[in-house]
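Undergrad: Take this sequence and fold it.
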Amino acid sequence: MKVRTINPATEEILREYDVPSEEHLLRMTKKAEEAFKTEWRLVGNNNGNRRADYMYGFASQLRKEKEKLATIATNEMGKAIKESRSEVEKCAWAIEYFADHGDIFTTDEVINTDARKSFVTFEPLGVIASIMPWNFPYWQALRFAAPSLMAGNTIVLKPASATMQCGIEIERIFEEVGFPKGVFQTAVGDSRVAEFLIESENTNAVTFTGSVPVGSKVAQRATSHLKKTVLELGGSDPFIVCEDADIEKASTGAVKGRFINCGQSCIASKRFIVVDKVANEFVELFVQKTKKLRVGDPLSEDTDVGPMVNHSGLEAIEGMVKRAISQGAELLVGGERLKSKGYYYSPTVLGKIHHDMEIAQEESFGPVAPILVAEDEKAAIRIANDSKFGLGASIWTQNLDKAEKLSRMVETGIVTVNNVVLSDPRVPFGGIKNSGFGRELSKYGMLEFVNIKSVRFYDQLAKTHYVE
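TA: Numbering: from 1, shown residues only. Here you go, the predicted model:
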């Protein structure tokens, strides 16, 4: 069996890959298990901070190869080259952040109890199966890998079928900078590879980023084997514009938040909920700025928006827009495929959106911005929360007291005020509801894949012991 990658800008086949056999995958997981037990888990605080040294070397090599890595990502999934470069830079930053702080995050915690000595220690779980998407092929893989490796785990990555070469390049750099063999491996292929990694007796936990339907299946398979799982799934993030917002800044943020990566981001702004008092002004500026976006060859320095990742994604977003218009939505700009080779769809803004429309309920994974008008801020929050998703939210207001109040009312895992939602290695990342569970990044993400072990030393048997 073979799988192939296609350049979404040219529709040309980039490369074909062999799907590995179960025997090959078994050897990979055993190699990861052996690396964990005999070497990587032992390279920690008591050994000269060697894990951090490895990580610094990896980050340095990422920067040296930034142009090559960025070009591979752009060719495989179509994002503008300037965005691909930024992705590589962000990966290096995250790697260095966890190299700097990983030992601190997992330092034993002393606790005062009735025992002579009590402490909590944080021990790695073992081999983690990492099943990652195509939209940020380096960042998604490495934002998980950085804290997990620093904690002492080993990893087998299954990259998305669209961006297999990106996954291969990550493994290559880990090997070239001297990481012990088996600490990080990439297994390319189709869904059968993911299924094997989830069910393998040699893997101890699973992390998945992707769609809700697939994430549900991953969770079912993993938990049936009693494996710890973290899911980062879809989002329909509200972008809430209050009546006292700086409309110039908010409209600029709307363009950035919706059309980054051609709108193919879990934390992209996807529902624009604007208070009626400022709706006309916001919509006018948003449409004007959307019209200025340059769509074209993603390898060009002048391009703002490249193609969608594949033909099925293009058809899905086109169908969603057509259905919205048939239900009464107003097309303000865009709304069509580009008449050229490649999976291009014009940046689109839709007005007169009602809350019960599909485009306001389901995740729109493409360059389309639906605008809903709310009577007031209370109504805006009600609309924002009436969703099966709960990943991120962006709130725009110049009143910081109001911002704090609203940020506590909105039902998401992440809230950003007067900026678009961005992942950051310093703060936890993840959602609630159908957007998944568990956290990535920060100390909290690092502790997802460790055994939090409590230890107590007593001088003598407790005199009373009637409850477990």
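
Undergrad: average pLDDT for the host helix or strand of V274?
TA: Per DSSP states H and E, V274 falls inside strand 269-275. Per-residue pLDDT over strand 269-275 has a mean of 98.

Undergrad: can you give me the offset of that strand from its chain's centre?
TA: Relative to its chain's centre, strand 269-275 lies at 21 Å (Cα atoms, centre = their mean, to the nearest Å).

Undergrad: Give me the sheet partners of that strand and which way each runs.
TA: Using DSSP bridges, the strands paired with strand 269-275 in its sheet are strand 237-241 (parallel), strand 368-374 (parallel).

Undergrad: I'd like those as TSV, with distance to L331, mean neighbour count and mean pLDDT appended.
TA: All C-beta atoms are positioned from the backbone trio N, CA, C, and that covers glycine. Compiled in TSV, the strands paired with strand 269-275 are given as follows (distance: least, Cβ to Cβ, whole Å; neighbours: other Cβ atoms under 10 Å; pLDDT from 0 to 100):
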stretch	distance to L331	mean neighbour count	mean pLDDT
strand 237-241	19	30	98
strand 368-374	10	25	98
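
Undergrad: Could you export these as TSV, including distance to V333?
TA: What follows is these, written out as TSV (distance: least, Cβ to Cβ, whole Å):
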stretch	distance to V333
strand 237-241	17
strand 368-374	9
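
Undergrad: ok, back up a step: contacts for the strand holding V274, please.
TA: 235-243, 253-254, 257-258, 282-283, 286, 360, 363-364, 369-377, 380, 383-384, 387, 394, 420-421 (Cβ atoms under 8 Å, 6 or more residues apart in numbering).

Undergrad: Same check on stretch 49-63?
TA: Here stretch 49-63 makes contact (Cβ under 8 Å, 6+ apart) with 40, 43-44, 69, 88-89, 91-93, 95-96, 98-100, 102-103, 146, 149-150, 152, 173-174, 176-179.

Undergrad: how many neighbours does E315 have?
TA: E315: 14 surrounding residues under other Cβ atoms under 10 Å.

Undergrad: Could you say which helix or strand holds it?
TA: E315 is part of helix 311-326 when elements are defined by DSSP H and E.

Undergrad: just K463 next, same as before
TA: Using DSSP H and E, K463 is not contained in any helix or strand.

Undergrad: Now do it against V455, distance only.
TA: In this view, K463 and V455 are 21 Å apart by Cβ to Cβ, to the nearest Å.

Undergrad: To L14, which of the strands paired with strand 269-275 lies closest?
TA: Of all these, strand 368-374 sits nearest to L14, with 27.0 Å by Cβ to Cβ.

Undergrad: just checking, next helix/strand downstream of that closest one?
TA: Strand 368-374 is succeeded, C-terminally, by helix 377-385 (DSSP H and E).

Undergrad: name the helices or strands packed onto that next one?
TA: Using 3 or more Cβ pairs under 8 Å, 6 or more residues apart in numbering; DSSP states H and E, the elements in contact with helix 377-385 are strand 237-241, strand 269-275, strand 368-374, helix 400-409.

Undergrad: Would you convert these into TSV that also reports distance to K228?
TA: Converted to TSV, those look like this (distance: least, Cβ to Cβ, whole Å):
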stretch	distance to K228
strand 237-241	27
strand 269-275	29
strand 368-374	36
helix 400-409	29
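
Undergrad: of these, which approaches A9 most closely?
TA: With Cβ to Cβ, the closest approach to A9 among the helices and strands packed on helix 377-385 belongs to strand 368-374: 19.6 Å.

Undergrad: and the closest one with helix 377-385, angle?
TA: Strand 368-374 and helix 377-385 are oriented at 140 degrees to each other (axes from the mean of the first three to the mean of the last three Cα atoms, to 10 degrees).

Undergrad: what does strand 368-374 rub up against?
TA: With contact meaning Cβ under 8 Å, 6+ apart, strand 368-374 is reached by 254, 258-259, 263, 269-276, 279, 283, 286, 290, 317, 320-321, 324, 329, 332, 334, 345, 347-351, 353-355, 357, 359-360, 364, 380, 383.

Undergrad: With adjacent residues omitted, what lies nearest to the spatially most central residue of the chain?
TA: Centroid-nearest residue in the chain: Q140, 5.1 Å away (criterion: Cα atoms, centre = their mean). Counting by Cβ to Cβ, 6 or more residues apart in numbering, the nearest residue to Q140 once its immediate chain neighbours are dropped is M132, at 4.6 Å.

Undergrad: what sits against that neighbour?
TA: Residues counted as contacts of M132 (Cβ under 8 Å, 6+ apart) are 140-141, 144, 157-160, 167, 208-210.

Undergrad: if we go to 6 Å?
TA: 140-141, 159, 209 (Cβ atoms under 6 Å, 6 or more residues apart in numbering).

Undergrad: Can you turn the buried part of those into a ChimeraX selection?
TA: ChimeraX command restricting those to the buried ones, with burial defined by 16 or more other Cβ atoms under 10 Å:
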select :140,141,159,209
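
Undergrad: Mind checking which of the contacts of M132 land in strands?
TA: T209 (DSSP state E).

Undergrad: Looking at the contacts of M132, which is nearest D18?
TA: The closest of these, once distances to D18 are taken by Cβ to Cβ, is P159, at 14.8 Å.

Undergrad: just to revisit the earlier point, which among the contacts of strand 368-374 end up buried?
TA: Buried subset of the contacts of strand 368-374 (neighbour count, 16+ other Cβ under 10 Å): 254, 258-259, 263, 269-275, 279, 283, 286, 290, 317, 320-321, 324, 329, 332, 334, 345, 347-351, 353, 357, 359-360, 364, 380, 383.

Undergrad: Do a quick rundown of the strands in the stretch 351-468 of the chain.
TA: Per DSSP state E, counting those that start in this stretch, the stretch 351-468 of the chain carries strands over the ranges 368-374, 389-390, 392-396, 414-417, 432-433, 436-437, 450-457.

Undergrad: Any idea which of those strands gets closest to I81?
TA: With Cβ to Cβ as the criterion, I81 lies closest to strand 368-374 of the strands of the stretch 351-468 of the chain, at 23.0 Å.

Undergrad: where's L197 relative to T203, distance?
TA: Between L197 and T203 the distance, using Cβ to Cβ, works out to 6 Å.

Undergrad: which residues do those two both contact?
TA: A129.

Undergrad: where does the stretch 251-400 of the chain dip in pLDDT?
TA: Of all residues in the stretch 251-400 of the chain, none has pLDDT under 70.

Undergrad: What about the contacts of M132, which are in helices?
TA: 140-141 (DSSP state H).
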